[in-house]
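Peer 1: fold the following and give me the result.
(chains A and B)
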Amino acid sequence: MNIPRILFLAIAVVIFAVLPVQAKDMVVKEPPKSLNKYYPPESDQPKWIQQMHKMSTHFGGVFVNLKEKDFANVDMHADKLVEEYKKTSEMVPEWEEYFDIPAAEAFAAAAKTHDIAKAGKASGGLGKTCGKCHAEQEVSVWAKYHWPRFNKIKVTDPISEKEVEFDDYMGSISSSFKGVTVNFGEGQYDRAAKALKTFKSRYMELKSTCSKCHATQDVKRFYVGSDADTAFAGLAKELNADKPNPGKFWKNIGLLGKTGCKHCHLVHRTNSFIQEMWEKKEE
Amino acid sequence: MKWSSRIIDLIVGAGLIGISALALLYFVINERFEWIPEQALELVRDPEILKRPKAKKCSECHKNIYEAWKESRHSISWTSETFIEASENRTKEKCLPCHVPQSVQGEKPSPRLDLRDEGIYCVSCHFIDNKMQGPYDLLAPPHPTFRNPDYVRSSFCGSCHQKTFKEWQGTKVEDTCQDCHMPRKKGRLTQKAGLNLLHKKRWVGDHRFLHGKITEMDVVMETGWEEKFFNISLQNQTIPHSVPTADNGDPRLYLYIKFFNEAGEQVDSAKEIIAPQQETALPYNKKVNYRYRLFDPVAMAEVDLKYQPAWSKEKTRVFAKTVPR
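Peer 2: Residues are numbered from 1 along each chain as shown, chains lettered A, B, ... in the order given. A predicted model of the protein is given here:
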């Protein structure tokens, strides 16, 4: 059997070891509190994910070096993998069951034979333990520790100039949006024009809100960018015209909805729902 | 010759030689740093300084600079309430490189893990590549200091203030960040007795990193009426970057407009938020126009421009004007 084929098989074993678990329905359960100490603010670094990277690097290091016939480094990575695996197994007591130390040791022993086929075969047992934990816990960990929490975001309402909760602010935007569309639908164009000022002001404030997490302008512009500018300019033009054109008005409303609201909701809402559930549970 | 006059001659001679030696030493230290052998520099070095000390340690000699820095926003970059709140209890990764920089060197720094309460402190900016650096070559016991021309260049501040630096670059104005925010005065770099006399007086930058006050000389307003519209333009005439400016903070100018009828009753109002995060800040030397539709008969407008820095909820007035129709 040639080396690329063996490598392929080794990777496939790891991947397929994960799949049967992922094929089940997933329960997104809040991670145990003992994990808090491996993430900010309790820790100054995200130590849990760093630990995952360490294990992953040593696991990969075994195969990279087997392929390169650098056997001293194969042995080093095999030993380090077992060391880090043991260390990880002690970090979160509630997750101790996910770890199979003999499987890690068996993999290291197989790797040290410097026979890539044996290492590939032994990696399956170890890979299963990683896969099971990832399938059951990875989404939760990312939702809790890697995604910023929307409920922590405060927004300064540009109309009242008061700081409000993010959810309340979304409610305000929605109300002012309806002020525009409802009045327009009723043919009350002056009222719609006044409501547009409020809605635009609140909508544009989202650029500041996005910047609370996003550091680059391009990301902000993905949500509130040139499409929003075009849409608002088009809406103002129609509402200030003697005879507004409903077709153009609704087209611009659609543009705002599709490029701003929908983009943001598609990316952020699922995670925010998960976090919200956990917040409610704590209350 | 009497023996007493010989002794006097000897003393005078020795004195002259001593003074000449001191003068030569002073000359070499202050004017010919390159003549000083590296071994001599190592002799005056205290290895403790290489262990990235706290700012308080630096204050033992650099009292004036330390006290100025203590007044600066840099000194509270990690401890300010505004920062703690905005960074969700300091968990936002994007904030860390510039609020606790390991080493500032012209590109975005890495965040450090130790002494975070010190914020952006002496070591962050002056301890680079394992040696003390600054705008001058100095024998400077206990840490020889090496001149790095970047200390008087805007690019140095641009390590963190990247957006502001780019805005400044676009203006083509020669005055650097340091010219306005670290104005220099001639003085001693150290206040420690003895050491303070070792070097001549130098131009020392103000380490409070001054934040300028915006006035109506800086932001100039023009207004105009049309039948159904009121127009305002604002122009940042003097500040060679956008106003306000920030990479991640959220400073704002609030432009309030109130409209009154003939009877003096308010009939409408409008507001603009002029803020870097909303990409509405006033660029240098370029008019920004605002246009307001008048829904009711209007006889007068009141315009009020206020500034709110990133670190405060308080607003201060830049100007207020009444504009009759």
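
Peer 1: quick check on B:Met132: phi, psi?
Peer 2: phi -80, psi 130 (degrees, to the nearest 10).

Peer 1: what about residue 71, neighbour count?
Peer 2: All of this refers to chain A. 14 (other C-beta atoms under 10 Å in any protein chain shown). For the C-beta atoms, the positions are set from N, CA and C on the backbone; glycine is no exception.

Peer 1: actually, chain B is the one I wanted.
Peer 2: Residues lying near B:Glu71 (other C-beta under 10 Å) number 14.

Peer 1: right, and it touches B:Arg208 too?
Peer 2: Yes - look at B:Glu71 against B:Arg208 with C-beta atoms under 8 Å: they come within range, at 4.8 Å.

Peer 1: could you list the low-confidence segments of chain A?
Peer 2: Residue ranges of chain A with pLDDT under 70: A:1-24, A:283.

Peer 1: spell out which parts of it neighbour chain B.
Peer 2: Contact residues (C-beta under 8 Å from any C-beta of the partner chain) of chain A with chain B: A:40-41, A:44-45, A:148-149, A:152, A:154, A:158-159, A:161, A:190, A:193-194, A:197, A:201, A:204-205, A:207-208, A:211-215, A:217, A:220, A:240.

Peer 1: drop anything exposed from those.
Peer 2: A:40, A:148-149, A:152, A:154, A:158, A:193-194, A:197, A:201, A:204-205, A:207-208, A:211-215, A:217, A:220, A:240 (16 or more other C-beta atoms under 10 Å in any protein chain shown).

Peer 1: got the contact list for B:Leu305?
Peer 2: With contact taken as C-beta atoms under 8 Å, 6 or more residues apart in numbering or on different chains, B:Leu305 is in contact with B:219, B:221, B:234, B:253-256, B:317-320.

Peer 1: go again using 7 Å as the cut-off
Peer 2: Contact partners of B:Leu305, counting by C-beta atoms under 7 Å, 6 or more residues apart in numbering or on different chains, are B:219, B:253, B:255, B:318-319.

Peer 1: longest helix in the chain, by residue count?
Peer 2: Picking chain A for this. helix A:116-141 (DSSP state H).

Peer 1: if you could check chain B rather than the one you did, that'd help
Peer 2: helix B:3-31.

Peer 1: just after that one, pick out the following helix or strand.
Peer 2: Next helix or strand after helix B:3-31 toward the C-terminus (DSSP states H and E): helix B:38-43.

Peer 1: and that following helix, how far from the chain's centre?
Peer 2: Chain-centre distance of helix B:38-43: 33 Å, with C-alpha atoms, centre = their mean, to the nearest Å.

Peer 1: just want the most central residue of chain B.
Peer 2: The C-alpha lying nearest the average C-alpha coordinate of chain B belongs to B:Phe209 (C-alpha atoms, centre = their mean; 2.9 Å).

Peer 1: can you give me the strands for the stretch 51-200 of chain B?
Peer 2: Applying DSSP state E, counting those that start in this stretch to the stretch 51-200 of chain B gives strands spanning B:127-128, B:131-134, B:145-147, B:184-187.

Peer 1: looking at those, which is nearest to chain A?
Peer 2: Relative to chain A, the nearest member of the strands of the stretch 51-200 of chain B by C-beta to the nearest C-beta is strand B:127-128, separated by 20.5 Å.

Peer 1: can you name every helix or strand that that closest one contacts?
Peer 2: With contacts defined as 3 or more C-beta pairs under 7 Å, 6 or more residues apart in numbering or on different chains; DSSP states H and E, strand B:127-128 has no helix or strand neighbours.

Peer 1: and it, which strands flank it?
Peer 2: When pairing is defined by DSSP bridges, strand B:127-128 lines up against strand B:131-134 (antiparallel).

Peer 1: give me the residues contacting the partner strand.
Peer 2: Residues from elsewhere that reach strand B:131-134, judged by C-beta under 7 Å, 6+ apart: B:126, B:143-146, B:148, B:151.

Peer 1: of all those residues, which comes closest to B:Pro111?
Peer 2: Nearest to B:Pro111 among the contacts of strand B:131-134 is B:His126, at 18.0 Å by C-beta to C-beta.

Peer 1: buried sites along stretch A:261-275?
Peer 2: Neighbour counts using 16+ other C-beta under 10 Å place A:261, A:263-264, A:271-272, A:274-275 of stretch A:261-275 among the buried residues.

Peer 1: if you could redo that for stretch A:52-70, that was the one I meant.
Peer 2: A:52, A:54-55, A:58-59, A:61-63, A:65-66.

Peer 1: of those, just say which sits nearest to A:Lys86.
Peer 2: A:Met55 (10.4 Å).

Peer 1: touching chain A at all, stretch B:155-162?
Peer 2: No - under the criterion of C-beta under 7 Å from any C-beta of the partner chain, stretch B:155-162 makes no contact with chain A; the nearest approach is 9.8 Å.

Peer 1: which parts of that stretch are buried?
Peer 2: Quick answer for stretch B:155-162 (16+ other C-beta under 10 Å): B:156-162.

Peer 1: what mean pLDDT does stretch B:63-78 have?
Peer 2: Averaged over stretch B:63-78, pLDDT sits at 97.

Peer 1: show residues contacting the least confident helix or strand in chain B by mean pLDDT.
Peer 2: One helix or strand of chain B scores below all others by mean pLDDT, DSSP states H and E: helix B:38-43, with a mean of 79. Under the contact criterion C-beta under 7 Å, 6+ apart, helix B:38-43 has outside partners B:139, B:144.

Peer 1: what about the spatially closest residue to the residue nearest to the centre of chain B that is not a sequence neighbour, how many neighbours?
Peer 2: Of all residues not flanking B:Phe209 in the chain, B:Ser72 sits nearest, at 4.7 Å (C-beta to C-beta, 6 or more residues apart in numbering or on different chains). By the criterion of other C-beta under 10 Å, B:Ser72 has 19 neighbours.

Peer 1: for B:Ser72, give its distance to chain A.
Peer 2: 23 Å (C-beta to the nearest C-beta, to the nearest Å).

Peer 1: give me the number of neighbouring residues for B:Glu265.
Peer 2: Residues near B:Glu265, counting by other C-beta under 10 Å, number 10.

Peer 1: hmm, back to that, list the buried residues in the least confident helix or strand of chain B.
Peer 2: Buried residues in helix B:38-43, defined by neighbour count with 16+ other C-beta under 10 Å: B:Leu41.

Peer 1: please apply the same query to stretch B:264-271.
Peer 2: Those would be B:268, B:270-271, for stretch B:264-271 by 16+ other C-beta under 10 Å.

Peer 1: out of these, which are close to chain A?
Peer 2: Near chain A, by the rule C-beta under 7 Å from any C-beta, you find B:270-271 out of the buried residues of stretch B:264-271.

Peer 1: mind putting the buried residues of stretch B:264-271 into TSV with pLDDT?
Peer 2: Below are the buried residues of stretch B:264-271 laid out as TSV (pLDDT from 0 to 100):
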residue	pLDDT
B:Asp268	95
B:Ala270	95
B:Lys271	96
